[in-house]
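> Sequence below, structure please.
(2 chains)
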Amino acid sequence: MHEFSVALEICRIAEAQAAPRPASAIVSVGVEIGEGTDLVVENLNFCLETLLASPPFERAALAVERVPGNDLRVAWLEVDDGR
Amino acid sequence: MAVRRIEVRERVMARNDEIAATVRDRLAAAGVASLNLMSSPGAGKTLLLERTLQALGRELAIAIATGDVQTENDAVRLARHTDRLVHAVVTNGACHLDALQVTSALDQLDLPATDLVILENVGNLVCPASWDLGEQQRVVLFTTTEGEDKPVKYPKAFQRADLVIMTKVDLLPYLPFDADVAERHVREVNPTVPILRTSATSGEGLDAWYDWLRARVAGARRLVPQPTGT
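Next up, the predicted model:
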(Lines give C-alpha, C1' and ligand atoms only; values in the text may rest on other atoms or scores of the structure.)
Protein backbone atom coordinates (compact mmCIF):
# COMPACT_ATOMS: atom_id res chain seq x y z
CA MET A 1 0.00 0.00 0.00
CA HIS A 2 2.98 2.31 0.51
CA GLU A 3 4.63 1.47 -2.81
CA PHE A 4 4.24 5.03 -4.06
CA SER A 5 6.20 6.55 -1.17
CA VAL A 6 8.87 3.87 -1.65
CA ALA A 7 9.00 4.70 -5.36
CA LEU A 8 9.42 8.41 -4.58
CA GLU A 9 12.32 7.62 -2.25
CA ILE A 10 13.96 5.46 -4.94
CA CYS A 11 13.67 8.40 -7.36
CA ARG A 12 15.16 10.76 -4.75
CA ILE A 13 18.15 8.42 -4.24
CA ALA A 14 18.66 8.02 -8.00
CA GLU A 15 18.60 11.77 -8.55
CA ALA A 16 21.01 12.41 -5.67
CA GLN A 17 23.42 9.71 -6.84
CA ALA A 18 23.43 10.92 -10.43
CA ALA A 19 24.35 14.48 -9.38
CA PRO A 20 25.86 16.68 -10.64
CA ARG A 21 24.35 15.26 -13.82
CA PRO A 22 20.66 16.09 -14.29
CA ALA A 23 18.08 13.36 -13.69
CA SER A 24 17.44 13.39 -17.42
CA ALA A 25 20.88 11.81 -17.89
CA ILE A 26 19.79 8.65 -16.07
CA VAL A 27 19.34 5.83 -18.57
CA SER A 28 18.43 3.06 -16.18
CA VAL A 29 17.93 2.38 -12.48
CA GLY A 30 18.71 -1.00 -10.93
CA VAL A 31 16.58 -1.87 -7.89
CA GLU A 32 17.00 -4.94 -5.66
CA ILE A 33 13.88 -6.06 -3.81
CA GLY A 34 14.37 -8.51 -0.96
CA GLU A 35 11.97 -11.45 -0.89
CA GLY A 36 11.14 -10.52 2.71
CA THR A 37 9.87 -7.00 2.02
CA ASP A 38 6.08 -6.86 2.07
CA LEU A 39 5.91 -4.80 -1.11
CA VAL A 40 3.63 -5.52 -4.02
CA VAL A 41 6.26 -5.66 -6.73
CA GLU A 42 3.86 -5.14 -9.65
CA ASN A 43 2.50 -2.04 -7.93
CA LEU A 44 6.00 -0.70 -7.18
CA ASN A 45 7.03 -1.31 -10.80
CA PHE A 46 4.01 0.61 -12.03
CA CYS A 47 4.77 3.59 -9.76
CA LEU A 48 8.46 3.58 -10.70
CA GLU A 49 7.92 3.24 -14.43
CA THR A 50 5.51 6.17 -14.31
CA LEU A 51 7.82 8.36 -12.24
CA LEU A 52 10.95 7.51 -14.23
CA ALA A 53 9.26 8.60 -17.44
CA SER A 54 8.18 11.95 -15.93
CA PRO A 55 10.20 15.11 -15.21
CA PRO A 56 12.85 15.54 -13.93
CA PHE A 57 13.52 12.09 -15.43
CA GLU A 58 13.05 11.60 -19.14
CA ARG A 59 13.91 8.12 -20.23
CA ALA A 60 15.11 6.13 -17.25
CA ALA A 61 14.36 2.42 -17.60
CA LEU A 62 13.75 0.21 -14.59
CA ALA A 63 15.62 -3.03 -13.88
CA VAL A 64 14.25 -4.98 -10.90
CA GLU A 65 16.00 -7.95 -9.36
CA ARG A 66 14.49 -10.08 -6.59
CA VAL A 67 17.11 -11.03 -4.02
CA PRO A 68 17.11 -12.94 -0.71
CA GLY A 69 16.72 -10.95 2.50
CA ASN A 70 14.57 -8.08 3.75
CA ASP A 71 16.32 -5.10 2.21
CA LEU A 72 15.22 -2.89 -0.62
CA ARG A 73 18.10 -1.11 -2.34
CA VAL A 74 18.89 1.11 -5.25
CA ALA A 75 21.72 -1.08 -6.53
CA TRP A 76 23.10 0.88 -9.47
CA LEU A 77 22.43 3.56 -12.04
CA GLU A 78 23.42 3.94 -15.66
CA VAL A 79 23.94 7.53 -16.72
CA ASP A 80 24.67 9.07 -20.08
CA ASP A 81 27.82 11.16 -19.84
CA GLY A 82 27.05 12.64 -23.24
CA ARG A 83 30.34 11.85 -24.91
CA MET B 1 26.56 8.46 -26.07
CA ALA B 2 28.76 7.13 -23.29
CA VAL B 3 26.80 5.24 -20.69
CA ARG B 4 28.55 4.89 -17.37
CA ARG B 5 27.41 2.59 -14.56
CA ILE B 6 27.39 3.93 -11.01
CA GLU B 7 27.29 1.43 -8.12
CA VAL B 8 24.89 2.76 -5.50
CA ARG B 9 23.91 -0.01 -3.05
CA GLU B 10 21.80 2.40 -1.00
CA ARG B 11 19.03 0.99 1.20
CA VAL B 12 15.76 2.71 0.37
CA MET B 13 14.68 2.92 4.01
CA ALA B 14 18.08 4.23 5.13
CA ARG B 15 17.03 7.87 5.24
CA ASN B 16 13.93 7.19 7.33
CA ASP B 17 15.95 4.96 9.66
CA GLU B 18 18.60 7.67 10.14
CA ILE B 19 15.95 10.26 10.98
CA ALA B 20 14.27 7.75 13.32
CA ALA B 21 17.59 7.21 15.11
CA THR B 22 17.88 10.98 15.63
CA VAL B 23 14.34 11.09 17.04
CA ARG B 24 15.18 8.20 19.40
CA ASP B 25 18.33 9.97 20.63
CA ARG B 26 16.50 13.26 21.22
CA LEU B 27 13.74 11.55 23.20
CA ALA B 28 16.20 9.48 25.23
CA ALA B 29 18.38 12.49 26.05
CA ALA B 30 15.35 14.37 27.34
CA GLY B 31 14.06 11.34 29.28
CA VAL B 32 10.79 11.28 27.36
CA ALA B 33 8.91 8.00 26.91
CA SER B 34 7.40 7.45 23.46
CA LEU B 35 4.86 5.16 21.87
CA ASN B 36 3.85 4.35 18.33
CA LEU B 37 0.16 3.43 18.55
CA MET B 38 -1.04 1.29 15.65
CA SER B 39 -4.26 -0.48 14.69
CA SER B 40 -6.76 -0.91 11.92
CA PRO B 41 -9.20 2.00 11.48
CA GLY B 42 -11.90 2.13 14.12
CA ALA B 43 -10.16 0.00 16.75
CA GLY B 44 -10.43 2.81 19.27
CA LYS B 45 -7.04 4.53 19.31
CA THR B 46 -8.45 8.02 19.72
CA LEU B 47 -11.02 7.03 22.35
CA LEU B 48 -8.32 5.22 24.34
CA LEU B 49 -6.20 8.38 24.19
CA GLU B 50 -9.15 10.54 25.27
CA ARG B 51 -9.58 8.32 28.35
CA THR B 52 -5.83 8.41 28.95
CA LEU B 53 -5.72 12.21 28.88
CA GLN B 54 -8.73 12.36 31.23
CA ALA B 55 -7.09 9.96 33.69
CA LEU B 56 -3.42 10.94 33.49
CA GLY B 57 -3.49 14.45 32.04
CA ARG B 58 -2.69 16.11 35.38
CA GLU B 59 -0.18 13.50 36.48
CA LEU B 60 1.88 13.29 33.29
CA ALA B 61 2.78 15.84 30.62
CA ILE B 62 1.53 13.97 27.53
CA ALA B 63 1.98 15.24 23.99
CA ILE B 64 0.25 13.55 21.06
CA ALA B 65 0.79 13.58 17.31
CA THR B 66 -2.08 12.11 15.30
CA GLY B 67 -1.72 10.85 11.76
CA ASP B 68 -4.69 10.78 9.43
CA VAL B 69 -5.01 10.61 5.68
CA GLN B 70 -7.42 13.56 5.73
CA THR B 71 -8.90 15.85 8.42
CA GLU B 72 -7.58 16.94 11.78
CA ASN B 73 -10.63 15.44 13.52
CA ASP B 74 -8.67 13.22 15.91
CA ALA B 75 -6.39 16.06 16.98
CA VAL B 76 -9.40 18.30 17.56
CA ARG B 77 -11.06 15.57 19.67
CA LEU B 78 -7.94 15.09 21.77
CA ALA B 79 -7.21 18.80 22.18
CA ARG B 80 -10.47 19.12 24.15
CA HIS B 81 -8.85 17.08 26.93
CA THR B 82 -5.48 18.78 27.27
CA ASP B 83 -3.78 22.14 27.11
CA ARG B 84 -0.61 20.47 25.93
CA LEU B 85 0.40 19.99 22.35
CA VAL B 86 -1.74 17.88 20.07
CA HIS B 87 -0.18 17.96 16.63
CA ALA B 88 -2.19 16.84 13.60
CA VAL B 89 -0.25 15.26 10.76
CA VAL B 90 -2.44 15.10 7.65
CA THR B 91 -0.65 12.63 5.41
CA ASN B 92 -2.62 13.58 2.26
CA GLY B 93 -3.01 10.05 1.06
CA ALA B 94 0.02 8.37 2.60
CA CYS B 95 -0.91 5.28 4.56
CA HIS B 96 1.52 5.71 7.48
CA LEU B 97 3.50 8.23 9.52
CA ASP B 98 7.21 8.57 8.84
CA ALA B 99 10.13 9.71 10.97
CA LEU B 100 10.44 13.12 9.28
CA GLN B 101 6.87 13.99 10.29
CA VAL B 102 7.73 13.03 13.86
CA THR B 103 10.76 15.33 13.76
CA SER B 104 8.50 18.27 12.84
CA ALA B 105 6.17 17.38 15.70
CA LEU B 106 9.07 17.20 18.20
CA ASP B 107 10.35 20.59 17.04
CA GLN B 108 7.16 22.13 18.43
CA LEU B 109 7.52 20.49 21.84
CA ASP B 110 9.25 21.57 25.02
CA LEU B 111 10.84 18.14 25.36
CA PRO B 112 12.42 18.54 28.82
CA ALA B 113 8.93 19.47 30.13
CA THR B 114 7.31 16.45 28.46
CA ASP B 115 6.93 13.00 30.03
CA LEU B 116 5.38 11.04 27.21
CA VAL B 117 4.99 11.44 23.44
CA ILE B 118 2.29 9.33 21.82
CA LEU B 119 2.30 8.94 18.03
CA GLU B 120 -1.18 7.89 16.95
CA ASN B 121 -0.46 6.32 13.59
CA VAL B 122 -2.75 6.22 10.58
CA GLY B 123 -5.40 3.52 11.03
CA ASN B 124 -3.83 0.68 9.05
CA LEU B 125 -2.30 -2.61 10.17
CA VAL B 126 -0.02 -3.02 7.15
CA CYS B 127 2.16 -0.05 6.23
CA PRO B 128 2.87 1.66 9.57
CA ALA B 129 4.69 -1.50 10.70
CA SER B 130 7.40 -0.88 8.07
CA TRP B 131 8.28 2.67 9.20
CA ASP B 132 10.42 3.19 12.26
CA LEU B 133 9.33 6.49 13.84
CA GLY B 134 12.05 6.54 16.49
CA GLU B 135 9.61 5.45 19.19
CA GLN B 136 10.71 3.42 22.20
CA GLN B 137 7.62 1.24 22.37
CA ARG B 138 5.16 -0.08 19.83
CA VAL B 139 1.59 -0.61 20.96
CA VAL B 140 -0.92 -2.42 18.76
CA LEU B 141 -4.68 -2.29 19.35
CA PHE B 142 -6.81 -5.22 18.35
CA THR B 143 -10.55 -5.01 18.74
CA THR B 144 -13.25 -7.56 19.48
CA THR B 145 -15.19 -6.49 16.40
CA GLU B 146 -12.35 -7.69 14.14
CA GLY B 147 -11.57 -11.30 13.31
CA GLU B 148 -9.69 -13.31 15.93
CA ASP B 149 -7.03 -14.13 13.36
CA LYS B 150 -5.95 -10.54 12.63
CA PRO B 151 -2.53 -11.12 14.29
CA VAL B 152 -1.68 -13.96 11.89
CA LYS B 153 -3.09 -12.09 8.90
CA TYR B 154 -1.05 -8.96 9.69
CA PRO B 155 1.94 -10.47 11.49
CA LYS B 156 4.44 -7.65 11.01
CA ALA B 157 2.53 -5.18 13.18
CA PHE B 158 2.11 -7.75 15.97
CA GLN B 159 5.59 -9.32 15.78
CA ARG B 160 7.35 -6.16 16.93
CA ALA B 161 4.69 -4.98 19.38
CA ASP B 162 5.75 -4.29 22.98
CA LEU B 163 2.13 -4.31 24.13
CA VAL B 164 -1.10 -5.54 22.56
CA ILE B 165 -4.36 -3.99 23.78
CA MET B 166 -7.61 -5.77 23.08
CA THR B 167 -10.27 -3.05 22.93
CA LYS B 168 -14.09 -3.01 23.21
CA VAL B 169 -14.22 -6.06 25.54
CA ASP B 170 -17.56 -4.73 26.86
CA LEU B 171 -19.02 -6.02 23.56
CA LEU B 172 -17.83 -9.62 24.09
CA PRO B 173 -21.26 -10.91 25.28
CA TYR B 174 -22.79 -9.79 21.96
CA LEU B 175 -20.12 -11.00 19.55
CA PRO B 176 -18.96 -14.39 18.30
CA PHE B 177 -15.38 -13.23 19.03
CA ASP B 178 -13.48 -15.64 21.33
CA ALA B 179 -10.92 -13.56 23.27
CA ASP B 180 -8.85 -16.62 24.25
CA VAL B 181 -8.55 -17.73 20.61
CA ALA B 182 -7.56 -14.17 19.68
CA GLU B 183 -4.84 -14.14 22.34
CA ARG B 184 -3.51 -17.47 21.07
CA HIS B 185 -3.17 -15.93 17.61
CA VAL B 186 -1.22 -13.02 19.10
CA ARG B 187 1.07 -15.56 20.83
CA GLU B 188 1.71 -17.35 17.53
CA VAL B 189 3.50 -14.31 16.16
CA ASN B 190 4.75 -12.73 19.41
CA PRO B 191 4.99 -15.32 22.20
CA THR B 192 5.95 -13.00 25.07
CA VAL B 193 4.09 -9.74 24.42
CA PRO B 194 1.82 -8.59 27.27
CA ILE B 195 -1.86 -8.44 26.28
CA LEU B 196 -4.37 -6.18 28.05
CA ARG B 197 -8.13 -6.60 27.73
CA THR B 198 -9.76 -3.18 27.89
CA SER B 199 -12.94 -1.25 27.34
CA ALA B 200 -12.83 2.52 27.05
CA THR B 201 -16.62 2.46 27.58
CA SER B 202 -16.78 0.47 30.84
CA GLY B 203 -13.26 1.34 31.99
CA GLU B 204 -12.27 -2.33 32.30
CA GLY B 205 -8.53 -2.89 32.11
CA LEU B 206 -7.65 0.78 31.77
CA ASP B 207 -5.86 0.93 35.13
CA ALA B 208 -3.42 -1.69 33.87
CA TRP B 209 -2.80 0.42 30.76
CA TYR B 210 -2.20 3.53 32.88
CA ASP B 211 0.23 1.58 35.09
CA TRP B 212 2.05 0.34 31.98
CA LEU B 213 2.37 3.96 30.79
CA ARG B 214 3.62 5.12 34.23
CA ALA B 215 6.29 2.40 34.15
CA ARG B 216 7.45 3.48 30.66
CA VAL B 217 7.68 7.12 31.81
CA ALA B 218 9.65 6.13 34.92
CA GLY B 219 11.92 3.95 32.79
CA ALA B 220 12.65 6.74 30.30
CA ARG B 221 13.54 9.13 33.14
CA ARG B 222 15.91 6.63 34.75
CA LEU B 223 17.84 6.22 31.52
CA VAL B 224 18.66 9.89 31.00
CA PRO B 225 22.43 10.26 30.88
CA GLN B 226 23.42 12.30 33.93
CA PRO B 227 25.80 15.20 33.36
CA THR B 228 29.17 14.44 34.89
CA GLY B 229 29.60 16.64 37.95
CA THR B 230 32.64 18.79 37.36
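
> least trustworthy helix or strand in chain B by mean pLDDT?
strand B:86-90 (a mean of 82; mean pLDDT, DSSP states H and E).

> buried set for the helix or strand just after it?
In the C-terminal direction, the helix or strand that comes right after strand B:86-90 (DSSP states H and E) is helix B:99-107. The neighbour-count check on helix B:99-107 (16 or more other CB atoms under 10 Å in any protein chain shown) flags B:99, B:101-103, B:105-106 as buried. The C-beta positions use only the backbone N, C-alpha and C, and glycine is treated the same way.

> Need the residues that contact helix B:99-107.
B:16-17, B:19-20, B:22-23, B:26-27, B:63, B:65, B:67, B:87, B:89, B:91, B:117, B:119, B:131-134 (CB atoms under 8 Å, 6 or more residues apart in numbering or on different chains).

> PyMOL command to pick out the buried ones of the residues you listed?
Filtering the contacts of helix B:99-107 down to the buried ones (16+ other CB under 10 Å) takes a single PyMOL command:
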select buried, chain B and resi 16+19+20+23+26+27+63+65+67+87+89+91+117+119+131+132+133+134
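
> Now do the contacts for B:Ile6.
A:17-18, A:76-79.

> what are the pairing partners of the helix or strand that contains it, and which direction each?
Taking DSSP H and E as the criterion, B:Ile6 maps to strand B:3-11. Applying DSSP bridges, strand B:3-11 is found paired with strand A:72-80 (antiparallel).

> pLDDT on the strand it pairs with, on average?
Averaging pLDDT along strand A:72-80 yields 94.

> next one: stretch B:38-57
Rounded mean pLDDT across stretch B:38-57 is 94.

> in stretch B:82-92, what's buried?
Going by 16+ other CB under 10 Å, stretch B:82-92 has these buried residues: B:82, B:84-89, B:91.

> on that earlier part again, from the contacts of helix B:99-107, which ones fall inside strands?
Among the contacts of helix B:99-107, DSSP state E puts B:63, B:65, B:67, B:87, B:89, B:117, B:119 in strands.

> tell me the two of those that are most distant?
Using CB to CB, the ones in strands among the contacts of helix B:99-107 span at most 14.2 Å, a distance reached by B:Ala63 and B:Gly67.

> Which single one of the ones in strands among the contacts of helix B:99-107 is nearest to chain A?
B:Gly67 (12.9 Å; CB to the nearest CB).

> Can you show me the strands along the chain?
Since you didn't name a chain, this refers to chain A. Using DSSP E, strands in chain A cover A:26-34, A:61-67, A:72-80.

> My question was about chain B, not that one.
B:3-11, B:33-38, B:62-68, B:86-90, B:116-120, B:137-143, B:163-167, B:195-197.
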